[in-house]
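Chemist: Give me the fold of what follows.
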Amino acid sequence: MDTTSTQTGTEKNVQDEIKESVHRIWLAGLGALAVAEEEGGKVFSRLVERGRDVESKGKVEVDKMKTEAERFNERVKAKAESTFETWGDKFDEKLTATLRRLGVPTREEIRNLTQKVEELNAKIEQLKPRVTPAGAPPAEPGNIVV
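Modeler: Predicted structure coming up:
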């Protein structure tokens, strides 16, 4: 029976050691949880700060890119306007030359001609004899009223 009591004592020792190990593991888990709770808030705060830094740096980069894009757009627009003006001027020159070859008068030539016609009409009106209204005494034979 000595053997049985020894085995029972040994088994009891092993069981106590297992209980102790399980208890220590349990305590370690609780300790880890407590540390996580304490440090978790600090870690979260650090992550928020890092996020703010990244966000502000990103915003600066986005603003730089936006400014560069606006400058690029302005350069492209200026180039396009310049090219359009050049083509427009060349087109106008070609059209004017073609109209001259066809004998089409310019706006200035038409304006001058219109002014001369108006002047001539005014002179013609001055040269017309004046008609006397009906019932007025006839003019004397040698006197024509102009």
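
Chemist: I'd like the distance between V76 and A69.
Modeler: Using Cβ to Cβ, to the nearest Å, we find V76 at a distance of 10 Å from A69. Just so you know, the C-beta spots here come from the backbone N, C-alpha and C atoms, and that holds for glycine as well.

Chemist: Ramachandran coordinates for K128?
Modeler: phi -70, psi 140 (degrees, to the nearest 10).

Chemist: That one - how many residues pack around it?
Modeler: 8 (other Cβ atoms under 10 Å).

Chemist: and what of A32?
Modeler: A32, neighbours per other Cβ under 10 Å, totals 10.

Chemist: so how far is the lengthiest helix in the chain from its chain's centroid?
Modeler: The residue-count maximum for a helix in the chain (DSSP state H) belongs to helix 2-101. Here helix 2-101 is found 27 Å from its chain centre; the criterion is Cα atoms, centre = their mean, to the nearest Å.

Chemist: avg pLDDT for that helix?
Modeler: Helix 2-101 carries an average pLDDT of 83.

Chemist: any idea which helix or strand comes after that helix?
Modeler: Next along the chain after helix 2-101, taking DSSP states H and E as the criterion, comes helix 107-127.

Chemist: Quick check, central residue of this protein?
Modeler: Among the residues of the chain, E70 comes closest to the average C-alpha position under Cα atoms, centre = their mean, at 7.4 Å.

Chemist: Just say helix, strand or coil for P129.
Modeler: Secondary structure, DSSP: H, G, I helix; E, B strand; the rest coil: P129 is coil.

Chemist: and it, how many neighbours?
Modeler: Neighbours of P129 (other Cβ under 10 Å): 9.

Chemist: Roughly how far does K94 sit from E109?
Modeler: 19 Å.

Chemist: what about P105, neighbour count?
Modeler: Neighbours of P105 (other Cβ under 10 Å): 12.

Chemist: Could I get the contacting residues of it?
Modeler: Contacts of P105 were listed using Cβ atoms under 8 Å, 6 or more residues apart in numbering, and they are L113.

Chemist: if you set the cut-off to 10 Å instead, what comes out?
Modeler: With contact taken as Cβ atoms under 10 Å, 6 or more residues apart in numbering, P105 is in contact with 99, 111-113.

Chemist: Greatest separation within the residues you listed: which pair is it?
Modeler: The two members of the contacts of P105 with the most space between them (Cβ to Cβ) are L99 and N112, at 16.7 Å.
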